[in-house]
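A.B. asks: A predicted structure for the sequence below; I have some questions about it.
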Amino acid sequence: MERRLAAVLAADVVGYSRLMGTDEAGTLDALTKVRGEFIDSKIAEHQGRTVKVSGDGLLLEFPSVVNAVRCAAEIQRGMRDRNTNVPQERRIEFRIGVNLGDVIVQDEDIFGDGVNVAARLERIAKPGGIAISGSVRDQIGNRLDLVFEDMGEHKLKNIEQPVRVYSLSQEESTIANTAPNPDQRPSIAVLPFSNMSGDPEQEYFSDGITEDIITDLSKISGLWVAARNTVFTYKGKPVKVEQIARDLGVAYILEGSVRKAGARVRVTGQLISAKDGGHLWADRFDRDLTDIFAIQDEITRAIVEQLTVKLLPQEKKSIERPQTDNIEAYTYYLRGREFLHRHTKSYYQVARRMFTKAIELDPRYARAYAGIAACDSFLFYHYFQYETEEAIENIMAATGKALELDDGLAEAHACRGVALTFAKRFEEAETELERAIALDPNSFEAHYFYARYCFVRGELGRAAALFERAGEVKPDDYQSWCLLIHVYRSLGRTDKIEAAARKGIALAEKELALHPENPRPAALGAAGLLAIGETERAREWLARALAIDPDDLLTLYNAACSYAHLGEADRALDLLERFIPLANDLNRAWIKHDSDFDSLRGHPRFQKILEQIG
């Protein structure tokens with residue numbers, strides 16, 4: 001039996017099951033072309049050896065780590081270029097892991113921890129990204145013009161010792177880069193259209209028009225569009241267009257206004273070049289309210305023409321197809337979206353009623369069904385509004401109808417992933433969540449739900465990356481940053497905890513000011529205060545959260561985390577024991593991976609709780 005030290009590269013196609021389910025023949029043909037026309041030559045160029053090819057994966061061996069990492073970087077760079085004009089949902093993208101370790105050689109195959117670590121690294125790499133082990137990083141030194149981010153030590157599945165992981169953060173090698181606009185497509189931000197109706201109650205309508213234009217533009221593979229939640233942070237602020245463009249890294253800005261009066265609507269729009277502030281296009285539409293869908297279509301077409309973007313046939317069809325022709329249903333839908341974006345229990349309930357009314361007026365309104373599924377997903381995840389089986393049934397029914405009417409709704413796929421997660425159909429859940437992100441890379445719901453899925457599955461590295469992305473696409477979201485404190489601590493990435501805590505606290509404070517009736521910002525923010533040493537203030541926030549709603553389950557759980565961190569074991573265990581009988585299986589599963597309870601793990605009462613979880 002031969003043993004040797006080897007540089008091992010493992011690669012896997014992101015969302016392969018989803019791609020095959022959508023178009024099996026087309027996916028196989030595209031993958032065959034990618035390998036034959038591009039990847040095989042890169043492997044040969046860097047003296048690699050193909051050890052194994054599975055349906056969606058590659059196992060490669062290289063004579064040196066420099067060759068392996070350089071090959072990985074060039075593959076990811078080349079795939080990004082090849083995908084430029086391919087719709088997001090049809091792109092072939094890889095995750096890659098590279099490790100240097102001892103392998104066992106048998107015939108032409110290789111086995112052992114050297115291979116296993118590479119495979120586990122591939123699983124925690126970002127889509128379009130590369131994860132390498134500490135041994136690889138040490139060997140590379142400064143020999144490659146690449147930038148690596150230290151991701152801390154990870155406990156990889158079936159690997160005895162923790163592995164130090166680095167992520168390749170070179171902009172051109174990772175699609176999930178934190179820079180606002182990481183590629184070379186024409187880039188645009190659609191600023192919230194001003195409400196010129198003289199009635200603050202009509203704000204939902206102008207916001208809804210903005211959101212729909214963003215949605216339509218995001219369907220165009222030849223455009224990069226700033227996320228809805230990002231641009232809405234500029235709403236009502238006196239910031240110059242040039243500054244916004246610099247902040248978001250975009251070349252063009254669309255701004256406009258909406259005036260709704262009775263059965264008439266006036267919409268103005270102007271497309272501005274960030275380079276010189278010049279107006280490339282401007283128009284005003286005075287129409288009947290029933291023409292609002294045509295107005296949106298004309299604005300989208302004008303932008304496409306001005307930026308000389310080529311529309312693929314399916315993109316043209318998708319943009320031209322209105323979701324509803326019932327203006328009253330559309331109005332209820334927009335009100336529902338406005339309430340949903342406020343993210344509290346009472347607003348989820350009101351939003352659900354708005355979406356239900358929209359469906360009563362138009363039973364074929366796909367987005368309204370997706371809206372109901374989103375409300376039910378958050379109500380179940382955050383507030384245990386339903387019994388598990390009822391929640392699964394409700395969400396599966398709503399998403400089933402939404403996707404029957406329009407299979408391209410990212411929100412519906414993300415919520416279906418939630419239901420499948422709670423049904424413990426994990427492979428199907430992952431496929432749906434991957435599909436959601438492929439359809440809308442700026443979807444907060446998709447990244448947030450996927451992050452929670454990964455956490456309960458023990459895939460903490462992926463959970464961290466997804467929570468980070470959720471926080472990026474929704475800049476006012478305190479929850480992702482507060483939850484990252486626990487994830488970073490579990491991963492040993494202590495250098496990132498303070499920044500996440502301070503960001504989470506600041507956002508939680510804003511949320512408390514807006515919604516003082518909501519206990520969650522205080523309960524989660526307390527963890528951030530503890531992380532930066534503000535113990536007394538953390539106690540005040542905990543007392544506030546428990547006073548607002550002493551029976552809210554996630555408040556009980558988060559307070560238990562904080563009291564465990566404070567060393568008050570009995571108080572933490574009291575809260576956990578109240579939480580356990582009422583929580584569902586997957587919410588209980590958080591306890592297994594939550595580092596806040598490390599100090600309790602030897603306690604007999606905690607051992608009993610773990611036995612109950614199973």
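C.D. replies: Here it is on my side, so go on.
A.B. asks: which SS class is Arg143?
C.D. replies: Assigned with DSSP: H, G, I helix; E, B strand; the rest coil, Arg143 falls in the coil class.
A.B. asks: wait, what's in contact with it?
C.D. replies: With contact set as Cβ atoms under 8 Å, 6 or more residues apart in numbering, Arg143 has these partners: Val66. Quick note: C-beta positions are derived from backbone N, CA and C, even for glycine.
A.B. asks: which non-adjacent residue is nearest the residue nearest to the spatial centre of the chain?
C.D. replies: Nearest residue to the geometric centre of the chain (Cα atoms, centre = their mean): His447, 1.9 Å. Once flanking residues are discounted, His447 sits nearest to Ala470: 4.0 Å by Cβ to Cβ, 6 or more residues apart in numbering.
A.B. asks: list phi and psi for the one you found.
C.D. replies: Main-chain torsions, Ala470, degrees, to the nearest 10: phi -60, psi -40.
A.B. asks: and what of Val13?
C.D. replies: Dihedral pair for Val13: phi -80, psi 130, per degrees, to the nearest 10.
A.B. asks: show me what it is bridged to.
C.D. replies: Taking DSSP bridges, one obtains Phe94 as the residues bridged to Val13.
A.B. asks: Arg91 is in contact with that one, correct?
C.D. replies: No: counting by Cβ atoms under 8 Å, Val13 does not reach Arg91; the two are 9.9 Å apart.
A.B. asks: follow-up on the earlier one: show me the contacts for the residue nearest to the centre of the chain.
C.D. replies: Here His447 is in contact with 437, 466-467, 469-470, 473 (Cβ under 8 Å, 6+ apart).
A.B. asks: how about 10 Å then?
C.D. replies: 176, 414, 433, 436-437, 440-441, 465-474, 480 (Cβ atoms under 10 Å, 6 or more residues apart in numbering).
A.B. asks: make a ChimeraX selection of the buried ones in these.
C.D. replies: Selection of buried members from the contacts of His447 for ChimeraX, criterion 16 or more other Cβ atoms under 10 Å:
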select :176,414,433,436,437,440,441,465,466,467,468,469,470,471,472,473,474,480
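A.B. asks: which of the contacts of His447 fall within strands?
C.D. replies: The members of the contacts of His447 all map outside strands under DSSP state E.
A.B. asks: please flag which of the contacts of His447 sit within helices.
C.D. replies: 414, 433, 436-437, 465-473, 480 (DSSP state H).
A.B. asks: closest one to Gly614 out of those, please.
C.D. replies: Leu433 (24.7 Å; Cβ to Cβ).
A.B. asks: if I look at the closest one, how far off is Cys454?
C.D. replies: Separation of Leu433 from Cys454 (Cβ to Cβ, to the nearest Å): 9 Å.
A.B. asks: anything in contact with each of these two?
C.D. replies: Counting by Cβ under 10 Å, 6+ apart, the contacts common to Leu433 and Cys454 are Leu466.
A.B. asks: related to what we said a few turns ago, rebuild the ones in helices among the contacts of His447 as CSV, extending it with pLDDT and distance to Leu576.
C.D. replies: Listed next are the ones in helices among the contacts of His447 as CSV, based on pLDDT from 0 to 100; distance: Cβ to Cβ, whole Å:
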residue, pLDDT, distance to Leu576
Ala414, 96, 29
Leu433, 93, 28
Ala436, 91, 32
Ile437, 88, 33
Ala465, 90, 28
Leu466, 92, 26
Phe467, 94, 23
Glu468, 91, 28
Arg469, 90, 30
Ala470, 92, 26
Gly471, 91, 27
Glu472, 87, 32
Val473, 87, 32
Ser480, 95, 23
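A.B. asks: including distance to Lys316, could the residues you listed go into TSV?
C.D. replies: TSV is the format used below for these (distance: Cβ to Cβ, whole Å):
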residue	distance to Lys316
Ala414	25
Leu433	28
Ala436	23
Ile437	23
Ala465	34
Leu466	32
Phe467	36
Glu468	34
Arg469	29
Ala470	31
Gly471	34
Glu472	30
Val473	26
Ser480	35
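A.B. asks: part of a strand, is the residue nearest to the centre of the chain?
C.D. replies: No: judged by three-state DSSP, His447 forms no part of a strand; its state is helix.
A.B. asks: who's in contact with Phe293?
C.D. replies: Going by Cβ under 10 Å, 6+ apart, Phe293 touches 212, 321-325, 327, 330.
A.B. asks: please disregard the earlier target; I meant Pro127.
C.D. replies: Contact analysis of Pro127 by Cβ under 10 Å, 6+ apart lists 13-15, 91, 93-95, 174-176, 434, 437-438, 441, 465.
A.B. asks: mind checking how far the helix or strand of the chain with the lowest mean pLDDT is from the chain centre?
C.D. replies: In the chain, no helix or strand scores lower on mean pLDDT, DSSP states H and E than helix 313-320, which sits at a mean of 71. Computed by Cα atoms, centre = their mean, to the nearest Å, the separation of helix 313-320 from the middle of its chain amounts to 25 Å.
A.B. asks: next helix or strand past it?
C.D. replies: Moving toward the C-terminus from helix 313-320, the next helix or strand (DSSP states H and E) is helix 327-340.
A.B. asks: show me how this protein divides into domains.
C.D. replies: Taking automatic domain parsing as the criterion, the chain consists of the domains 2-173, 187-322, 325-475, 477-614.
A.B. asks: any low-confidence regions in the stretch 251-400 of the chain?
C.D. replies: Residue ranges of the stretch 251-400 of the chain with pLDDT under 70: 315, 320-321.
A.B. asks: strands of this structure, start to end?
C.D. replies: Listed in chain order, the strands found in the chain under DSSP E are 2-13, 49-53, 57-62, 94-106, 109-111, 130-133, 148-154, 163-168, 187-190, 194-195, 224-225, 252-261, 264-273, 279-288.
A.B. asks: to Pro238, which of the ones you listed lies closest?
C.D. replies: Nearest of those to Pro238, taken as Cβ to Cβ: strand 194-195 at 12.4 Å.
A.B. asks: residues in contact with the closest one?
C.D. replies: With Cβ under 10 Å, 6+ apart as the test, strand 194-195 has contacts from 201-207, 209-210, 235-236, 255-260, 268.
A.B. asks: contacts only, for Val103.
C.D. replies: Counting by Cβ under 10 Å, 6+ apart, Val103 has contacts 2-8, 51, 61, 109-116, 118.
A.B. asks: filter those down to the buried ones.
C.D. replies: Among those, those classed as buried by neighbour count (16+ other Cβ under 10 Å) are 6-8, 51, 61, 110, 113-116, 118.
A.B. asks: OK, contacts around the closest residue to Lys424 other than its chain neighbours?
C.D. replies: Leaving aside its chain neighbours, Lys424 sits nearest to Asp585 (7.6 Å; criterion: Cβ to Cβ, 6+ apart). The contact partners of Asp585, taken as Cβ under 10 Å, 6+ apart, are 388, 422, 424, 456, 613-614.
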